[in-house]
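Generate a structure from the sequence data that follows.
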Amino acid sequence: METRRLDFLVELARLGSMREVAEVLGVTTSTVSQQIAALAQEVGAPLVEPVGRRVRLTPAGRRLADHGVTILAAVEAARRDLDPDAEPAGTIRVAGFATAIRRSLLPLLPDLAASHPQVRLVCAEHEPAESLAMLADDAVDLALLYDYDLAPRTFDQRVEVTPLWSVPWGLGVPGHDPDPPGGAVAVFRRYAGHDWIVNSRNTADEEAVAVLAALAGFTPRLSHRADSLDLVDDLIAGGLGVGMLPEHRATRPEVRVLPLREPALRLRAHAVVARGRATWAPLALVLARLTGAS
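Just a heads-up that it's a prediction; the model follows:
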């Protein structure tokens, strides 16, 4: 059913005259008659009946006109909602890793609430693979992901990726261990015989460890898996292994983070949306705020 034809019927119900409808809509009376006749054919019921030299709506026409008011209002609301130039309004569903939600998203909320109260964010903590799957299933609108520069993630053509920030990562080891000489390869080689801690729901840590271990000439023994950085701290402090941690994050006294240089290792955060969705007004607003563009 064409909404344009509904518009003719709704106006006829309001004005009561095809001539007046034609004047309001800027068309000929013949066009009004043709469009209402076509609408009647679509719905399979007569919508108008003659009364002298004029017409009036049939009971079916009145019912359809009543529905038409609601339908046309909903269509207009949808058009405004999807207009990239419209005032942002709507709920944005976000899936992302905890650090990005804390660092990138939460600081935006007070200003968004004040400047765009009709934009609402709903957050769920997930690892990158989980967030990407949710994005593919249209379960979320925005995914906050991470990878490492030494083991970059490959994205397919169904998504658009916006870089956010990066931070240096090092190797978390027992606090009493001295600095080994040399760069990242020497650091890894020193701990070749240790148990290693990697992420349990994502392969990024494992891939980055594998790259540096290969440069150091060994295959790491992946013994423990943990999502929580605090738990990685606890495992290292307990003498259960070594694992990657952010360089500038405060750790337990029993843990120290050895810098990795030449090659350095950096965690990179990305904002990812389904291709073609970035122009949706509320999502465009949040993306701009995430990247500091507004």
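
going forward, measure contacts and count neighbours with C-alpha atoms only.
OK.

so where's the chain uncertain?
Low-confidence segments of the chain (pLDDT under 70): 80-86, 293-294.

do that again at 80, thanks
1-2, 52-53, 75-88, 177-182, 293-294 (pLDDT under 80).

Report how many residues lie close to the closest residue to residue 16 other than its chain neighbours.
Leaving aside its sequence neighbours, residue 16 sits nearest to residue 56 (Cα to Cα, 6 or more residues apart in numbering; 6.8 Å). Counted with other Cα atoms under 10 Å, the neighbours of residue 56 add up to 18.

so who does residue 56 touch?
Residue 56 is in contact with 16, 48, 49, 50, counting by Cα atoms under 8 Å, 6 or more residues apart in numbering.

Save the residues you listed as CSV, and put in neighbour count too.
Output for these, formatted as CSV (neighbours: other Cα atoms under 10 Å):
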residue, neighbour count
16, 16
48, 22
49, 13
50, 10
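
Closest one to residue 104 out of the residues you listed, please.
residue 16 (56.6 Å; Cα to Cα).

what residues does stretch 58-67 touch?
6, 9, 10, 13, 45, 46, 47, 48, 49.

hmm, try it at 10 Å
6-14, 36, 39-40, 43, 45-50, 56-57, 68, 71 (Cα atoms under 10 Å, 6 or more residues apart in numbering).

which of the residues you listed count as buried?
For the contacts of stretch 58-67, a neighbour count by 16 or more other Cα atoms under 10 Å gives the buried set as 6-13, 36, 39-40, 46-48, 56-57, 68, 71.

Among those residues, name the ones in helices.
Using DSSP state H to define helices, the subset of the buried ones among the contacts of stretch 58-67 located there is 6-13, 36, 39-40, 68, 71.

now, which of those sits nearest residue 231?
Taking Cα to Cα as the measure, residue 71 is the one of these closest to residue 231, at 54.1 Å.

The residue lying closest to the closest one once chain neighbours are set aside: how many residues sit nearby?
Nearest residue to residue 71, sequence neighbours excluded (Cα to Cα, 6+ apart): residue 3, at 8.0 Å. By the measure other Cα under 10 Å, the count of residues near residue 3 is 13.

Please report how far residue 3 lies from residue 58.
Noted for residue 3: a distance of 19 Å to residue 58, by Cα to Cα, to the nearest Å.

Enumerate every residue touching the closest residue to residue 218 other than its chain neighbours.
Excluding the flanking residues, the one nearest residue 218 by Cα to Cα, 6+ apart is residue 192, at 6.5 Å. Shown in contact with residue 192 (Cα under 10 Å, 6+ apart): 186, 213, 216, 217, 218, 219, 220, 221.
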